[in-house]
Structures are given as C-alpha cells and as structure tokens.
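**Student:** just coords:
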C-alpha cells in the first residue's frame, strides 16, 4: 500500500491505496474553505497552520494501515511553499520512522491521474487542466511524456471566477457561487468580450474578461440580485466560450481520440456540457473525474504514485524539496 499526502493549498488530505489493485482503501479530506472565506481568498500562513493541525488528525485515522506500507507519496510541487512543507515534513517523518521510500508527486500530474482512481490509466490523451492558477491543454502520451500545448498568459479560468465573485461580494470560493448564480441569470443582458477571439495565438487570457466584470459592477452600483445573476451568467458564458474556441483550434490540429478535463473547475456542469458537445463534434471520447476527486485530494496523489512506484521514482527523505514554481512542471 501507498500512503499519500496532499497539502498544496487549502485542503488537507490523506489516502491509502493498494498498489496491485489500485483500490482506494482510505481517503479523507478536511477543507479550509470556511476559514479563508472571510478573507476572500487563501491566506498561506493560515493554511499552513491549519495543515499542521489537520494532517496529524487524518494520519491518526489512517493508523490501521501504517504497518503495511511500501512507500509514502506527497505533493511537493507546484503549490504554496508554506503549505507544501507541512505535507513534506510529515512524509519525511514517516519515511525515516518506518524506513519507507518517498515518492514526490507533481500536483498537476496528480490531477491527470484523478481520472484513473481505482482504474487503469488511458494514454495517449488530450487534457484540459483547469485547476487553481492553471489553465492549460496538455498532450499526455504517458507518465513521463507530457507536452503543454497551450496555457494562460495571465489569470486562469478558476482565478477569474474567484475574482469576479469577490468584485460582486459573493464570497469565496467563487467557482460554485458563480455557477449557481448564473443559472438564474440572463447571459444576453450584458455583452461580455470573449478573450483573444480574433487572435491567432492558441493561448488563454482572463484578465480582460475580469476587467469587463469590474466595469459592469462599477456601472450598476448598487448591485441588485437580478443584476448579479445576469453578470454571473454573461461572465460564465464568455469564460467557457474562450475555453472552447481555443480548444477547438487544438482539436482541429491534434484530432484526439480521448479528451479529458481535470482540476477543481472541471466540476462546473456548463463546462462539462460544452466540452461534451465539442467532443461529439470531433468524435472524441470525453473523460471526467468523479466529482469528489475534481478538487485537490490525496486519492489522486496516491493513484499517480502507483505508476511512479512501478517506475521506481523514489526520493531520499532528506533530499526532497518543495517548489511553488510552475515552469518545467512535468
């Protein structure tokens, strides 16, 4: 079995996965959303202190499995340095105390493996990753063969939802709030710009769309409930249209047989519906993680670690480092 630890941002999570069968034997997560909501976003130092409390609590729950472990896996990049350190410190302690190798797991690669929890991996695959500060399209041919085909030039898809929600006073996290509010709104009341619509570059950008929301919010003060819903609907429609337009260009070039969406924002039902239609248009099979595994979790870290285990990608307990950086991530 492999014990896996996730602490890259504001979710403390531990899982235990059986290597041979890929069966998830234990999985628990403690979200910090309520603690950060009052600040309108994640406060790194607060997140770190909460991980220091919550991770030992979760490890105690996983205690029945600790005597049969073959390795400890932990997210070490990318993420918030002060929160990654909490998970890595726990992994180091377990490694030294029990003589276990450590498997350092890339957080974004783990999101890809959220598709394969308790399943065999399917490669090659085209993947849209919309998680936290990341928006990118990946050509995934295997564990060690991942190419970035497109990424964001500024804000990510998920960040733009958080910032739009904050400007309208809707709270944090913004993704679920905007999605729910948009269901009540008229997306055609306000004309939102679709980013890079006439730009030939295959890249993403959400700073301009975020600014369009800001201008609408300023213009229609004080915001009533109807206006908030209409802005949310118009914003979400433009944000997804941008994803679709740029992804369609990649579809035309790559013609994927299998396509997936991963990351916390992949739980958005309008995103899922839009890309189901795109995949149908190109004859591609759409793959989606189960909703409980879209956001950050240790189960996806453990599933990724299984493939790393068979490839013998082990780290020494004292040499493992954390990194917030997103360049050369794979």
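**Tutor:** Sure, I can see it. Owing to the predicted nature of the structure, the values given are computational and were not obtained by experimental measurement.
**Student:** from here on, contacts and neighbour counts on C-alpha atoms
**Tutor:** OK.
**Student:** what's the domain layout of the chain?
**Tutor:** Per the record's domain assignment (automatic domain parsing), the chain is made up of the domains 2-117+293-310, 125-288.
**Student:** Could you export the ones you listed as JSON lines, including mean pLDDT, mean neighbour count and distance to residue 321?
**Tutor:** Written out in JSON lines, the entries for these read as follows (pLDDT from 0 to 100; neighbours: other C-alpha atoms under 10 Å; distance: least, C-alpha to C-alpha, whole Å):
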{"stretch": "domain 2-117+293-310", "mean pLDDT": "97", "mean neighbour count": "22", "distance to residue 321": "7"}
{"stretch": "domain 125-288", "mean pLDDT": "96", "mean neighbour count": "18", "distance to residue 321": "20"}
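**Student:** Throw those domains into JSON lines and include distance to residue 324, thanks.
**Tutor:** Shown next, in JSON lines, are these (distance: least, C-alpha to C-alpha, whole Å):
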{"stretch": "domain 2-117+293-310", "distance to residue 324": "4"}
{"stretch": "domain 125-288", "distance to residue 324": "11"}
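**Student:** Looking at the ones you listed, which is nearest to residue 318?
**Tutor:** Ranking the domains of the chain by distance to residue 318, with C-alpha to C-alpha as the measure, places domain 2-117+293-310 first at 7.0 Å.
**Student:** Residue 323 is nearest to which of the domains of the chain?
**Tutor:** With C-alpha to C-alpha as the measure, domain 2-117+293-310 is the member of the domains of the chain nearest residue 323 (4.9 Å).
**Student:** For that closest one, measure first residue to last.
**Tutor:** Here the two ends of domain 2-117+293-310 are set 12 Å apart, with distance taken as C-alpha to C-alpha, to the nearest Å.
**Student:** In this model residue 3 seems to touch residue 69, though I could be wrong.
**Tutor:** Yes: under the criterion of C-alpha atoms under 8 Å, residue 69 lies in contact with residue 3, with a separation of 6.9 Å.
**Student:** Give the residues shared as contacts by these two.
**Tutor:** Overlap of the contact sets of residue 69 and residue 3 (by C-alpha atoms under 8 Å, 6 or more residues apart in numbering) is empty.
**Student:** Report the contact partners of residue 227.
**Tutor:** Residue 227 makes contact with 185, 220, according to C-alpha under 8 Å, 6+ apart.
**Student:** swap that for residue 299, sorry
**Tutor:** Counting by C-alpha under 8 Å, 6+ apart, residue 299 makes contact with 4, 14, 15, 16, 17, 24, 27, 114, 117, 293.
**Student:** which one of those sits closest to residue 188?
**Tutor:** Using C-alpha to C-alpha, residue 293 comes nearest to residue 188 of the contacts of residue 299, at 32.9 Å.
**Student:** ok, that closest one to residue 268 distance?
**Tutor:** Applying C-alpha to C-alpha, one obtains 13 Å for the distance of residue 293 from residue 268.
**Student:** Save the contacts of residue 299 as a markdown table, and put in distance to residue 178 too.
**Tutor:** Compiled in a markdown table, the contacts of residue 299 are given as follows (distance: C-alpha to C-alpha, whole Å):
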| residue | distance to residue 178 |
| --- | --- |
| 4 | 32 |
| 14 | 29 |
| 15 | 30 |
| 16 | 34 |
| 17 | 34 |
| 24 | 32 |
| 27 | 29 |
| 114 | 24 |
| 117 | 28 |
| 293 | 20 |
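**Student:** Verify the stated contact: residue 7 with residue 13.
**Tutor:** Yes: the pair residue 7 / residue 13 is scored as a contact, 6.8 Å apart, by C-alpha under 8 Å.
**Student:** Show me whatever sits in contact with both of those two.
**Tutor:** Here residue 7 and residue 13 have no joint contacts, going by C-alpha under 8 Å, 6+ apart.
**Student:** what are the ranges of the helices in the stretch 151-300 of the chain?
**Tutor:** Here the stretch 151-300 of the chain has its helices, by DSSP state H, counting those that start in this stretch, at 157-167, 174-182, 207-219, 225-254, 269-282, 298-310.
**Student:** can you redo those helices as TSV with distance to residue 135?
**Tutor:** As requested, the helices of the stretch 151-300 of the chain are exported to TSV (distance: least, C-alpha to C-alpha, whole Å):
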stretch	distance to residue 135
helix 157-167	6
helix 174-182	14
helix 207-219	13
helix 225-254	9
helix 269-282	13
helix 298-310	19
